[in-house]
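1. need a 3D model of the following:
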Amino acid sequence: MIRTLQGLFLFCILTMFSASCVFRSSVENKLGQAVPLTAYGSLEKFPFREAWYGMYFHDDKVGYSHFKIDPDGRNFTITSDSFMRLAAPKRTDEIEMKEKVLVRPDITMISFDSVVHMNGKEMKMIGRSEGDQLLVDIRVDGNTMNRRYLLDGKVFHASAISLMPALNGLKDGESHSFKVFNAEKQGMQNVDQEMFFVKGTPGPSGAVWKVKNKYGSSLVYSWLDDKGLAVIEKALTGALITLLEDESTAKDFLERKAPGKRAQIFGIIANRLLSFPQ
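-> Numbering: from 1, shown residues only. You can find the predicted model right below:
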């Protein structure tokens, strides 16, 4: 979701998508019938391995996100990069994230390495699972904090949220719950997902499934195609939207000046993300 980050270590900011302009298209028609998507069960069976997304805030394009899944021995690496820019008449805020997550074929987390840059500041976070613990090192502007978290059962990284429906399969009315590491709150967080079939004619980008993602106090809606790939996501009650695009379209806003508005809200979110834990 698309997804992150997102609270959600850019799943809320960068991997939470919405598309207010796109949703003026109708995605409901009573003629459709739900055809369940069989669970892939493993990343090696996924029919998709990479996707690019454009991010929109109140109809203005403000960023992009990208993920790629590559084999890594018996495991897989999920790499992602995201960029967001909001401008006001006297100020421009930019936030960039690069992340590498090592996961097992069932997407359970082995380790992660992420770096976030915002207006010259850097936050680096490295985590790895050892036995029944997750060890996390956090560094912000030269200050370092080490933390340990007890693991109870399977734990996923936030980058797995948008992949879980395809992993577990999609059936109308079905729900799944799992735990992810919440980078913003530095702790484990439950994620509850509910699946719904889009009745009738597919929505934008072939959307035929709708997924309600409840992540702590955050609520994100995702629309997936018939392969289980997230094609649209929306958050912040529809203000933040992410759309599946090709690479050149996703990054085209970098060649022009960003619209001059709404930097204040972005600053609040970004400053919360980069604040060093007390």
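
2. CA atoms for contacts and neighbours, from now on please.
-> Noted.

3. I'd like to know which elements the helix or strand that contains residue 192 is packed against.
-> For residue 192, the host element (DSSP states H and E) is strand 187-197. Here strand 187-197 touches strand 175-182, strand 209-215, going by 3 or more CA pairs under 8 Å, 6 or more residues apart in numbering; DSSP states H and E.

4. hmm, try it at 10 Å
-> For strand 187-197, the packing partners by 3 or more CA pairs under 10 Å, 6 or more residues apart in numbering; DSSP states H and E come out as strand 143-150, strand 155-157, helix 164-168, strand 175-182, strand 209-215, strand 218-224.

5. quick one: distance of the first one to the chain centre.
-> Looking back up the chat, that one is strand 143-150. Distance of strand 143-150 from the chain centroid (CA atoms, centre = their mean, to the nearest Å) equals 23 Å.

6. equivalent analysis for the last one, please.
-> Relative to its parent chain, strand 218-224 has a centroid offset of 10 Å by CA atoms, centre = their mean.

7. can you give the strand pairings for it, parallel or anti for each?
-> Note on strand 218-224: by DSSP bridges, its sheet partners are strand 209-215 (antiparallel), strand 230-235 (antiparallel).

8. reformat the helices and strands packed on strand 187-197 into CSV and put mean pLDDT, distance to residue 84 and mean neighbour count next to each item.
-> Below are the helices and strands packed on strand 187-197 laid out as CSV (pLDDT from 0 to 100; distance: least, CA to CA, whole Å; neighbours: other CA atoms under 10 Å):
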stretch, mean pLDDT, distance to residue 84, mean neighbour count
strand 143-150, 90, 25, 13
strand 155-157, 92, 21, 22
helix 164-168, 96, 25, 22
strand 175-182, 91, 20, 18
strand 209-215, 94, 22, 22
strand 218-224, 92, 18, 24
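
9. export these as CSV, with columns for distance to residue 68.
-> Output for those, formatted as CSV (distance: least, CA to CA, whole Å):
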stretch, distance to residue 68
strand 143-150, 28
strand 155-157, 15
helix 164-168, 15
strand 175-182, 19
strand 209-215, 21
strand 218-224, 17
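
10. which among the ones you listed is found nearest to residue 111?
-> strand 155-157 (8.8 Å; CA to CA).

11. including distance to residue 136, could the strands paired with strand 218-224 go into CSV?
-> Shown next, in CSV, are the strands paired with strand 218-224 (distance: least, CA to CA, whole Å):
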stretch, distance to residue 136
strand 209-215, 21
strand 230-235, 27
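
12. could you point out which of those strands sits nearest residue 52?
-> Nearest to residue 52, of the strands paired with strand 218-224 and by CA to CA, is strand 230-235 at 9.6 Å.

13. any idea how far the closest residue to residue 40 other than its chain neighbours is from residue 143?
-> Counting by CA to CA, 6 or more residues apart in numbering, residue 40 lies nearest to residue 167, which is 5.0 Å off, once chain neighbours are set aside. According to CA to CA, to the nearest Å, residue 167 and residue 143 sit 38 Å apart.

14. for residue 54, same thing?
-> 33 Å.

15. okay, now residue 136: neighbour count?
-> Residue 136 is flanked by 20 other residues according to other CA atoms under 10 Å.

16. partner residues bridging the closest residue to it other than its chain neighbours?
-> Once flanking residues are discounted, residue 136 sits nearest to residue 127: 4.2 Å by CA to CA, 6+ apart. Beta-bridge pairing for residue 127 (DSSP bridges): residue 112, residue 136.

17. thank you, goodbye.
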